[in-house]
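A.B. asks: I would like the atomic coordinates for the input below:
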Amino acid sequence: MHDWTLLSLKVDWGTGELRLDIESPSGQTRIQAFDLYELRVPRARAWGPSVSINAVEGPSAQDDGRLRLAIEMQSGDLIEIVARSIEMPPGVRNPG
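C.D. replies: Below you'll find the predicted structure:
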């Protein structure tokens, strides 16, 4: 997912659903999380402004059974998602 563009992030607080809209080389796609438990979205931009993804780790299982997904932005910010389930874009392998 390196160099893919993060377009938007939306949380439905009532249902606990999270949606990240992303632009890939083949078009727009998304990451979805269900039964959201924790979300960290810093925007300190230590490496400078960027909307591009640098690296993705996970989703990987935690000891409590939830899944964790970490998205490192090319700005240096690390978006962290913890949820009951996380759906990755079609064709993206789950490394964790």
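A.B. asks: which one's the longest strand in this structure?
C.D. replies: Ranked by number of residues, the top strand in the chain under DSSP state E is strand 27-40.
A.B. asks: what's it packed up against?
C.D. replies: Other helices and strands packing on strand 27-40, by 3 or more C-beta pairs under 8 Å, 6 or more residues apart in numbering; DSSP states H and E, are strand 5-12, strand 17-24, strand 67-73, strand 78-87. The way it works is simple: take the backbone N, C-alpha and C, and place the C-beta from them, glycine included.
A.B. asks: Just checking: what are the partner strands of the longest one?
C.D. replies: Just to be clear, that refers to strand 78-87. Using DSSP bridges, the strands paired with strand 78-87 are strand 27-40 (antiparallel), strand 67-73 (antiparallel).
A.B. asks: Out of these, which is closest to Leu20?
C.D. replies: For the strands paired with strand 78-87, distance to Leu20 was read as C-beta to C-beta. The smallest value, 4.4 Å, belongs to strand 27-40.
A.B. asks: Quick check, Arg66 in contact with Val82.
C.D. replies: Yes - with the criterion set as C-beta atoms under 8 Å, Arg66 and Val82 qualify as a contacting pair; they are 5.2 Å apart.
A.B. asks: Mutual contacts of the two, please.
C.D. replies: Contact with both Arg66 and Val82 is made by residues Tyr37, according to C-beta atoms under 8 Å, 6 or more residues apart in numbering.
A.B. asks: Nearest residue to the residue most central in space within the chain in space, ignoring adjacent ones along the chain?
C.D. replies: In the chain, the residue lying closest to the centroid (C-alpha atoms, centre = their mean) is Ile71, at 5.1 Å. Leaving aside its chain neighbours, Ile71 sits nearest to Ile79 (4.3 Å; criterion: C-beta to C-beta, 6 or more residues apart in numbering).
A.B. asks: which ones are touching the one you found?
C.D. replies: Shown in contact with Ile79 (C-beta under 8 Å, 6+ apart): Leu9, Leu39, Arg40, Val41, Pro42, Ala70, Ile71, Glu72, Met73.
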